[in-house]
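Enquirer: What follows is a predicted structure for the sequence shown.
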Amino acid sequence: MIKSAHLPDLFTLQSIFEGIQDAIYCHDLEFRITNWSPAAERMFGYTATEILGQSVFLLIPDDKYSEKKELMQEVLSDGQISQYRTVRLTRSGKKIPVSLTFSPIKDQDGKIIGISQIAHDISFEHQAEEKQAMLAAIIESSEDAIISKTLDGIITTWNKGAEHVFGYREEEAVGQPITILLPADRLSEEEAIIASLRGGEKVDHIQTIRKTKDGRLINISLTVSPIKNRDGVVIGASKVARNITSQKESEQLIAKHVERLELLNVVGRSINESLDLQQILQQVTDSTTKLTGAAFGAFFYNQVNQEGETYRLYTLSGVPRDAFANFPMPRNTTLFHPTFSGTNVVRSDDITKDSRYGKNAPFSGKPSGHLPVVSYLAVPVKTKSGEVIGGLFFGHQDKAVFKEEHEELVFTVASQAAIAIENSRLFKEVKELSAKKDEFIAMASHELKTPMTSLFGFLQLANRKIEDGIAKNLVEKSIRHLQKMIVLVSDLFDVSKIQSGKLQLNIEYLNLAVLIQEMKESFLQAHSGHILTVEMPEESFVNADRTRLEQVLTNLLNNAVKYAPQQKTIELKVQYIDKAVLISIKDFGPGIDEENQRHIFSQFYQAKENKDGSSGLGLGLFISKDIIERHGGQIWVESEPGNGATFNFTLPLA
């Protein structure tokens, strides 16, 4: 056969053979390898020296031996096999996925004398396929809706999760515009998302609303990512949508419970802090109306007047008071009886269908003009002893508004309200008793003051007439005890004036230095065994009631004598502080501990450590505090046990 001038020579063929990246090897009809390219050496790890003359089956895994018979028969039948995907073995025993092309080798007479194989390593493609298959399996098994679409918004893929979330089957959704999932008021969202995608931006975890096949609106968390081709051009988008409706409902439920707990806490605290009955009733009505979602609520409260007659107070919420102004109070009818008797809660989805409704004349139902009530809830308010105080009533124009949870909430508030109302009742009783007590003290002290003053004058007159002796000693003792009684009665009279707000001040412009100097002389005459040191400016002008200020100073000086009997020195100091004058009286007695300091200005309080038998009702400091505060000043004590006590008070400078 004459060689064609156009065929490459042997050296050219050898060069091509060695330069091809795919593995090329040949074998004869007895399957002995006769040719082995450098690429085959790189792919399989055998050198030409090692592999030439060896069986080609060295390269075939045991589980692929069945291939040899059918493949070889097809090639020997003068056929060619292209891109046959299978697996081959390397020298190290590693399996690699390959694509094989088989071609027969013929001699000059056209007789087949062998077979050539070209092996292309498809490991990367195989991995990509596996990855693709794995991703496809993940997408298909995902409970989230995974959808892809074009930039024109046409759906191109639709997984099982999307079918479950939105209700459309794949054949129904693919090819449809993505807007089939958008509520009418959310169409602008799609435009914004597409604009972001065209810029290559990812839209991450936005929470929005989408529409299902049956028209339901669901909450979803949406992530949208751009799909790019090999050139990096955005050609579409993938969407992952998770149905978070249950999560949102749970969050709303939790928020609702938290809000209710906070409201219950606020209501409980506020009604228990208040002792005003009307305020308690209004707070309870407002809070329970809000908790139940009622259109309006009312609290009817049983009250007994001085004649023993029962009547009802009421508070309203959600409607103006004049909405009930023309209607009579609820009667103890069949419908209202369970509430006013405290037997049980009444809850109805439609009270007009209740067998107890409309049975009592003259209205036989709601009076004309009454607020529309369909849903109805009534809860009795009872004390721990079982006494029915009243009832909470709620209404709404829609059906089935009130649930069991609303019963429980109202019942909780009602229990707290009952305690608060009881406290209010007790407070009112105590207040009335206290008023009667103050009235009695004022009357008694006033009535006692006149004969005691007369008696004091008679004893002084008798003392001047009696010469020395036992009788004179007895009269002088009587005068001293009577003076103490006059002080006690005066204190009681002052307290009654303070409680009733009738303690009057006669304010005048006076020099504090003159008043204190006069008081010093009087004090030393009465307590000749004591030393009173005074440190003060020559002038300290204040606007004050001279008599009441003298009463405060006398009380503090007498206390210094009374509670520090072993210490004869008392210090009185006056100094300026800002726009006020500070007066301090210090004794050097046993001092006052912290507990007594906290209560020492309270009414009728005496220090627990007072064991010297000194008389008094514990009113002096209470009265002094009121007098100083009425002057716009402050009074306090500083003391450490064992180091005496200093009583301080301030007065504004004139």
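Expert: Received, thanks.

Enquirer: per-residue confidence averaged over stretch 316-333?
Expert: Here stretch 316-333 scores 64 as its mean pLDDT.

Enquirer: in stretch 522-538, what's buried?
Expert: 523, 527, 530, 532, 536 (16 or more other Cβ atoms under 10 Å). Any C-beta I mention is one placed from the backbone N, CA and C, and that applies to glycine too.

Enquirer: how far is that stretch from where the chain is centred?
Expert: How far stretch 522-538 lies from its chain's middle: 62 Å, per Cα atoms, centre = their mean, to the nearest Å.

Enquirer: among the buried residues of stretch 522-538, which are in strands?
Expert: Among the buried residues of stretch 522-538, the ones falling in strands (DSSP state E) are residue 532.

Enquirer: Provide the secondary structure category for the spatially most central residue of the chain.
Expert: Closest to where the C-alpha atoms of the chain average out (Cα atoms, centre = their mean) is residue 258, at 6.4 Å. Classification of residue 258 using DSSP: H, G, I helix; E, B strand; the rest coil returns helix.

Enquirer: Pipe the buried residues of stretch 522-538 into CSV and attach pLDDT and distance to residue 114 per row.
Expert: Formatted as CSV, those follow (pLDDT from 0 to 100; distance: Cβ to Cβ, whole Å):
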residue, pLDDT, distance to residue 114
523, 89, 141
527, 86, 142
530, 91, 140
532, 93, 138
536, 92, 134
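
Enquirer: Looking at the buried residues of stretch 522-538, which is nearest residue 172?
Expert: The nearest member of these to residue 172, counting by Cβ to Cβ, is residue 536 at 100.6 Å.

Enquirer: nearest spatial neighbour of that closest one, skipping sequence neighbours?
Expert: Among residues not flanking residue 536 along the chain, residue 574 sits closest, at 3.5 Å (Cβ to Cβ, 6 or more residues apart in numbering).

Enquirer: Can you tell me the SS state at that neighbour?
Expert: Going by three-state DSSP: residue 574 is strand.

Enquirer: so it bridges to which residues?
Expert: With DSSP bridges as the criterion, residue 574 is bridged to residue 583.

Enquirer: That one touches residue 539, doesn't it?
Expert: No. With contacts counted by Cβ atoms under 8 Å, residue 574 stays clear of residue 539, the gap being 10.5 Å.

Enquirer: Please compare these two by neighbour count and tell me which comes out ahead.
Expert: Each of residue 574 and residue 539 has its neighbours counted (other Cβ atoms under 10 Å); residue 574 has more, 17 against 9.

Enquirer: what's the longest helix in the chain?
Expert: helix 404-465 (DSSP state H).

Enquirer: on contacts alone, who are the packing partners of that helix?
Expert: Counting contacts by 3 or more Cβ pairs under 8 Å, 6 or more residues apart in numbering; DSSP states H and E, helix 404-465 is packed against helix 245-273, helix 277-292, strand 346-348, strand 375-382, strand 388-396, helix 470-500.

Enquirer: out of these, which comes closest to residue 24?
Expert: Here helix 245-273 is closest among these (Cβ to Cβ), at 60.7 Å.

Enquirer: before we move on, the earlier item: now the two most distant members of the buried residues of stretch 522-538.
Expert: Longest span within the buried residues of stretch 522-538, Cβ to Cβ: 527 and 536, 19.6 Å.

Enquirer: okay, the buried residues of stretch 522-538 in CSV with distance to residue 265 next?
Expert: Formatted as CSV, the buried residues of stretch 522-538 follow (distance: Cβ to Cβ, whole Å):
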residue, distance to residue 265
523, 56
527, 58
530, 58
532, 56
536, 54
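
Enquirer: Specify which member of the buried residues of stretch 522-538 is nearest to residue 97.
Expert: For the buried residues of stretch 522-538, the closest approach to residue 97 (Cβ to Cβ) belongs to residue 536, at 109.8 Å.

Enquirer: can you pull the contacts of that closest one?
Expert: 512, 513, 516, 572, 573, 574, 575 (Cβ atoms under 8 Å, 6 or more residues apart in numbering).

Enquirer: Spatially nearest residue to the last one (excluding sequence neighbours)?
Expert: Leaving out its chain neighbours, the residue that sits closest to residue 575 by Cβ to Cβ, 6+ apart is residue 582, at 5.3 Å.

Enquirer: who's in contact with that neighbour?
Expert: Here residue 582 is in contact with 574, 575, 576, 648, 649, 650 (Cβ under 8 Å, 6+ apart).

Enquirer: buried subset of those?
Expert: Buried among the contacts of residue 582 (16+ other Cβ under 10 Å): 574, 648, 649, 650.

Enquirer: how many other residues sit next to residue 207?
Expert: The burial count for residue 207: 12, using other Cβ under 10 Å.

Enquirer: which one is it nearest to, not counting chain neighbours?
Expert: residue 221 (5.5 Å).

Enquirer: Also residue 162?
Expert: Ranked by Cβ to Cβ, 6+ apart and with sequence neighbours excluded, the top spatial neighbour of residue 162 is residue 145, at 3.7 Å.

Enquirer: partners of that neighbour in the sheet?
Expert: residue 241.

Enquirer: what separates it from residue 168, distance-wise?
Expert: Separation of residue 145 from residue 168 (Cβ to Cβ, to the nearest Å): 10 Å.

Enquirer: what do these two both touch?
Expert: Joint contacts of residue 145 and residue 168 (Cβ under 8 Å, 6+ apart) are residue 162.
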